[in-house]
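Engineer: Sequence first, predicted model second:
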Amino acid sequence: MGDKCKRILRLLTIFLKIGAFTFGGGYAMIPLIQKEVVENEKWITDDDILEIVAIAESTPGPIAINSATFVGYRVAGFWGAFCATLGVVLPSFCIILLIAAILDQFKDNKVVQYAFNGIRAGVLALIVKALWTMYQKAPKGLVSYIVMAGAFITTAFLKVSVLWVILGCAAFGLITSLIIERRAKQ
Amino acid sequence: MTIFLELFWAFFKIGAVTVGGGYAMLPFIQEEVLRQGWLSEAEVINFIAVSESTPGPFAINIATYVGSVMGGQAEGLGLFGTILGAFCATLGVVLPSFVIILLVAKIYEAFKRSKIVKGIMTGLKPAVVGLIGAAVIKILQEVFAPNGWNMALFTNPATYVSLGLFGVASLLAFKKVHPILIICLSAAVGIAAGFLL
């Protein structure tokens, strides 16, 4: 078996493990990816990981998938990317299929319904926390605040489709940054 | 049969345009899933809790879940429909990421320096904050006023239980208590309140 083949298989098992044991999604996976791929396998460096996270944040899709695909590609090309992505998705896929069947069984159970009544209030708190984290990470400045307010009002109250809000904000960011840059040059 | 294409397409759109990961996808998922009548608002929120308590990214988890539920309802397919539905939705949410990252990996240096990418990101990063804010409003409504805002809410003890629970859960969340513990506590309070009230 060639060296590349071994790497591809190893990528699959590493990302299966990461997919099966990380709770909390993308960002929670980064330290594990770092440990396995940088420290144990020494395939890439810490700087690479920082770059990969930066790219994963600025491309569409879940951070976990983006990072897995990118790491896999860096380490072993297309099939590396494929196996790393498959590895990170497969555990979720199987676990949720199982959970879906269980949830269906208990859907009409009174205790479960009561539990979820409470859980929804807890989830609200978790999302408010996520909102705060996102706010702290977002750039501050006039353009940012306009976009935040604009996206919030159009989605929450004017019921504009999220797709159009996202495309509009992207266009607005691009146009304002090009204008600001042109002004700075003059 | 069209349900499988619809699942793929809905999650493909979500995967292709939402940047930022985690709950940045939530507003778009809420919109698509509610518009199609696949889940109710309450079911989406319930599933956030399920996803927090199981491994894997939220986007993958909810795609697989919605896909399996809707595919399972396809006539005459049984378990195969469940798996096919889950597969189509999950493939939809993963495929854009996969293709885009492969492209970006090839033009990596140009991507990193691109003024266009930077410009778009100056719009998208704050947009995510506004969009999650909108998702919070929706969840707030479902938690405190599932049947609409009216005076009866003031006399309903459930309102005060939710308020108190939300307050305590927020405090714990900001103190960085693990989400699973917060969900367990909320479930316990919910069960107690359900039997006592």
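Structural biologist: All right, it came through fine.
Engineer: now stretch A:107-115, how far from the centre of its chain.
Structural biologist: 31 Å (Cα atoms, centre = their mean, to the nearest Å).
Engineer: what's the helix or strand of chain A with the lowest mean pLDDT packed up against?
Structural biologist: Least confident helix or strand of chain A, by mean pLDDT, DSSP states H and E, is helix A:26-33 with a mean of 83. In terms of contacts (3 or more Cβ pairs under 8 Å, 6 or more residues apart in numbering or on different chains; DSSP states H and E), helix A:26-33 is packed against helix A:3-21, helix A:46-57, helix A:63-106. (C-beta placed from N, C-alpha, C; glycine too.)
Engineer: Out of those helices, which gets nearest to chain B?
Structural biologist: helix A:63-106 (2.9 Å; Cβ to the nearest Cβ).
Engineer: What is that closest one packed up against?
Structural biologist: helix A:3-21, helix A:26-33, helix A:46-57, helix B:58-72, helix B:79-106.
Engineer: just the ones you listed: most buried one?
Structural biologist: Compared across the helices and strands packed on helix A:63-106, helix B:58-72 shows the largest average neighbour count, a mean of 28 (mean count of other Cβ atoms under 10 Å in any protein chain shown).
Engineer: And chain A, is that one touching that?
Structural biologist: Yes. Residues of helix B:58-72 are located near chain A by Cβ under 8 Å from any Cβ of the partner chain, namely B:58, B:59, B:60, B:61, B:64, B:65, B:68, B:69, B:72.
Engineer: could you dump these to TSV with pLDDT?
Structural biologist: Formatted as TSV, the residues of helix B:58-72 next to chain A follow (pLDDT from 0 to 100):
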residue	pLDDT
B:58	89
B:59	90
B:60	92
B:61	92
B:64	95
B:65	93
B:68	93
B:69	92
B:72	89
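Engineer: how about residue B:57, phi and psi?
Structural biologist: phi -70, psi 150 (degrees, to the nearest 10).
Engineer: residues touching it, list them.
Structural biologist: A:25, A:26, A:62, A:63, A:64, A:65, A:88, A:92, B:21, B:22 (Cβ atoms under 8 Å, 6 or more residues apart in numbering or on different chains).
Engineer: and the residue nearest to the second one when sequence neighbours are not counted, how far is that from residue B:182?
Structural biologist: Spatially, and ignoring its direct neighbours in sequence, residue A:26 is nearest to residue A:63 (2.7 Å; Cβ to Cβ, 6 or more residues apart in numbering or on different chains). Residue A:63 sits 22 Å away from residue B:182, going by Cβ to Cβ, to the nearest Å.
Engineer: pLDDT wise, what is residue A:106 at?
Structural biologist: With respect to pLDDT, residue A:106 scores 86.
Engineer: Just the residues contacting stretch B:22-30, thanks.
Structural biologist: A:25-27, A:62-63, A:127, A:130-131, A:134, A:155, A:162-163, A:166, B:13-14, B:17-18, B:41, B:44, B:48, B:57-59, B:62, B:128, B:131-132, B:134-135, B:138.
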